[in-house]
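> Need coordinates for the below:
(2 chains)
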Amino acid sequence: MKTVAVVEDNADNRLLARVILEDFYVITEYETGVQALVEFEKEKPDLILLDISLPEMDGTEVLKRIRADDRLKAIPVIALTAHAMADDREKFFKMGFDDYISKPIIDENILIQAIHKLLA
Amino acid sequence: MDDNNQSFDKTALENLRRMGGKKLVLEILQIFRTQTRQRLSEIMTAHQNRDFETLERSAHSLKSSSAYVGATELRALCERMEGLAEEKQGLELLSLLKPFEMRVEEALQYTEEREGDYRK
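Numbering: from 1, shown residues only, chains lettered A, B, ... in the order given. Alright, predicted model coming up:
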């Protein structure tokens, strides 16, 4: 089973992502980007769900570090954001995200399909 | 609390139940109740210290959590506070603190009552 890392400081979002995805993937959870980057050096996930508004180091900075790391740079990363607007799609792709999901997660199928597509 | 109260959208909790059953609803309600008290305290302290960055992040976080439990007016207020914090509008934020506290108390009461309903 492939591994999806959820990097998100809000416990409710982490819980919901786990409930939605645990039938399909092994889920690992991190509350901060710093914690996630340290753990990724030991164990590389197959895909990362990355919150943008993280304490200490925000999601865009975490993404930069992932893309600058030869070992991690090919991992698909999906932005999790409550900021998303209709015209944000291009902005997230330009930053280097592979997709984005708006929070709150109302329709689980959008999340499942986005991940399935990237891990197919 | 009045079941027809416009501050709350009961379909939000039913959507959670569809995704993960009563167990998920109860866990999200418990997380909300714990996190919301923390966020209230963070926001009040951040305002006193004119720490707009923390205030913005806490309001952003509570906005997302409020949506999961259907606390629509609290969510709208958090969104407004998040925007004002981004613009560093301390005086305008001050005028929202009292209504914010009231909405938080209302949401805590609502979620306590719903927790009782979902335990039946």
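> So for stretch A:60-77, what gets flagged as buried?
Residues of stretch A:60-77 classed as buried: A:60, A:62-63, A:65-66, A:72, A:75-77 (neighbour count, 16 or more other C-beta atoms under 10 Å in any protein chain shown). Placement of C-beta: from N, CA and C, glycine included.
> just checking, residue A:24 touches residue A:108?
No. Using C-beta atoms under 8 Å, residue A:24 makes no contact with residue A:108, being 11.0 Å away.
> Which one of those two is surrounded by more residues?
When neighbours are counted by other C-beta atoms under 10 Å in any protein chain shown, residue A:24 and residue A:108 differ, and residue A:108 comes out ahead with 17 against 14.
> Can you name the next helix or strand after the lowest-mean-pLDDT helix or strand in chain B?
Each helix and strand of chain B was given a mean pLDDT (mean pLDDT, DSSP states H and E); the minimum falls on helix B:52-69 at a mean of 94. Using DSSP states H and E, the helix or strand that directly follows helix B:52-69 along the chain is helix B:72-86.
> That next one and chain A, are they touching?
No. Helix B:72-86 lies out of reach of chain A by C-beta under 8 Å from any C-beta of the partner chain, never closer than 9.0 Å.
> quick one: the strands in chain A?
Using DSSP state E, the strands of chain A run over A:3-7, A:26-30, A:47-51, A:77-81, A:99-102.
> Low-confidence stretches in chain A?
A:83-87 (pLDDT under 70).
> So which bits of it are right by chain B?
Residues of chain A lying near chain B (C-beta under 8 Å from any C-beta): A:9-13, A:15-16, A:19-20, A:53, A:55, A:82, A:103-104, A:106, A:108.
> The residues you listed: which two are farthest apart?
Farthest apart among the residues of chain A next to chain B by C-beta to C-beta are A:55 and A:108. That separation is 26.3 Å.
> Isn't residue A:5 up against residue A:42?
No. Using C-beta under 8 Å, residue A:5 is not in contact with residue A:42; the gap is 11.9 Å.
> which of those two has more neighbours?
residue A:5 (24 against 6).
> For that one, name its beta-bridge partners.
Counting by DSSP bridges, residue A:5 forms beta bridges with residue A:28, residue A:48.
> If you tally nearby residues, what's the number for residue A:116?
Residue A:116, neighbours per other C-beta under 10 Å, totals 12.
> Same question for residue A:7.
The criterion is other C-beta under 10 Å. On that basis, residue A:7 has 27 neighbouring residues.
> for it, what are its contacts?
Contacts of residue A:7 were listed using C-beta atoms under 8 Å, 6 or more residues apart in numbering or on different chains, and they are A:30, A:32-33, A:36, A:48-51, A:54, A:59, A:62.
> go again using 10 Å as the cut-off
Under the criterion of C-beta atoms under 10 Å, 6 or more residues apart in numbering or on different chains, the neighbours of residue A:7 are A:14, A:28-37, A:39-40, A:45, A:48-51, A:54, A:59, A:62, A:77, A:80.
> So it versus residue B:114, what's the distance?
Separation of residue A:7 from residue B:114 (C-beta to C-beta, to the nearest Å) stands at 29 Å.
> these two touch, right, residue B:102 and residue B:77?
Yes. Using C-beta atoms under 10 Å, residue B:102 is in contact with residue B:77, at 9.5 Å.
> Compare neighbour counts for the two and give me the winner.
Between residue B:102 and residue B:77, counted using other C-beta under 10 Å, the more crowded position is residue B:77 (21 against 13).
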